[in-house]
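Participant: Give me coordinates for this.
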Amino acid sequence: GQQNWLQLDHRVLDHDLPKKPGATVLHFAVRFYIESISFLKDKTTVELFFLNAKSCVHKGQIEADSETIFKLAALVLQEAKGDYASDENARKDLKTLPAFPTKTLQEHPSLAYCEDRVIEHYLKIKGLTRGQAVV
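Facilitator: Presented below is the predicted three-dimensional model:
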């Protein structure tokens, strides 16, 4: 349950990490956000930045209005599953992907309403590559 930031000028093993039996799990997380993702040079860094942002939105750590959440959820679908195939597949995928923060689900009448809004946006981005969806 602890979070520690690693210092770039120290080796990982030089940090004061909890001494538990078993492997220590490290997670990539962003402390400071940049103006534009285009400043990132390495594609792995872009991927990690995307995964961190997606996780933070899902957990409600980054807040956004519902319409933005629906657009982001459509991009998550495009990134993970590719082009729209059917409403049924999109609804099934939305149930397994981290797409909606709890707050967004509480603000609307039903999960089906939220899914309908995401599907509207998902249809509009057909043909977007995975990389374009990530960015």
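Participant: Leaving aside the residues adjacent along the chain, what's closest to residue 52?
Facilitator: Nearest non-adjacent residue to residue 52, counting by C-beta to C-beta, 6 or more residues apart in numbering: residue 30, 4.8 Å away. Backbone N, C-alpha and C define where each C-beta goes, glycine included.
Participant: correct me, but the one you found touches residue 49?
Facilitator: Yes. Applying C-beta atoms under 8 Å as the test, residue 30 and residue 49 come out as touching, 6.3 Å apart.
Participant: Which one of the two is surrounded by more residues?
Facilitator: Neighbours per residue (other C-beta atoms under 10 Å) separate residue 30 from residue 49, with residue 49 holding more: 18 against 13.
Participant: Assign a three-state SS to the more buried one, would you?
Facilitator: Three-state call for residue 49 (DSSP: H, G, I helix; E, B strand; the rest coil): helix.
Participant: residues contacting the residue most central in space within the chain?
Facilitator: Nearest to the centroid of the C-alpha atoms of the chain, with distances taken as C-alpha atoms, centre = their mean, sits residue 54, at 1.3 Å. When contacts are counted by C-beta atoms under 8 Å, 6 or more residues apart in numbering, residue 54 touches 72, 76, 98.
Participant: Which among those count as buried?
Facilitator: 72, 76 (16 or more other C-beta atoms under 10 Å).
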